[in-house]
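Chemist: here is my input; please provide its structure:
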Amino acid sequence: MRNPKIIKKASGAKKLVLWFILAGVMVVQVFFAIETATLGANLASLEEKERELAKKNQELSDELVKTTSLSAIGGMAEKLGFFKTQKAIYITGEETVAKAP
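Modeler: Numbering: from 1, shown residues only. This next block holds a predicted model:
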């Protein structure tokens, strides 16, 4: 028959191995929990940055539309000394110099 001391030693060794496995699983669990929390914080930061950039993009688009409108360009042209003529002067192909009608 088997010796009871050997069985007790074997069961003690099994318990020790099980404790090491359990400790390893717990360490891995904690590591993954920390990693998940870190990735969540990074994701939140990137989403906030995306919202800021989308807002800035919208502001720049609005400014572009305002500055390229015909009324804004007309106002800038007047400030630079250009003016809208009251009469158009046409040059025909036969004449070499433009003349008033």
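
Chemist: what number of residues lie near Gly40?
Modeler: For Gly40, the neighbour count with other C-beta atoms under 10 Å is 10. (Each C-beta comes from the backbone N, C-alpha and C, glycine too.)

Chemist: ugh, wrong one, Trp19
Modeler: So Trp19, with other C-beta under 10 Å, has 10 neighbours.

Chemist: same deal with the one 3 residues further on?
Modeler: Residue crowding around Leu22 was assessed by other C-beta under 10 Å; the count is 10.

Chemist: from Val30, how far out is it?
Modeler: From Leu22 across to Val30, the span is 13 Å (C-beta to C-beta, to the nearest Å).

Chemist: what's the answer for Gly40, then?
Modeler: According to C-beta to C-beta, Gly40 stands 16 Å off from Val30.

Chemist: what does Lys56 give?
Modeler: Lys56 is 40 Å from Val30, by C-beta to C-beta.

Chemist: ok, Phe20 next?
Modeler: 16 Å.

Chemist: try Lys84
Modeler: Distance of Lys84 to Val30, given as C-beta to C-beta: 75 Å.

Chemist: with Leu70 instead?
Modeler: Distance check for Leu70 against Val30: by C-beta to C-beta, it reads 65 Å.

Chemist: try Glu50
Modeler: Counting by C-beta to C-beta, the gap from Glu50 to Val30 is 31 Å.

Chemist: who has more neighbours out of Leu70 and Val30?
Modeler: Neighbours per residue, other C-beta under 10 Å: of Leu70 and Val30, the larger number sits with Val30, 10 against 7.
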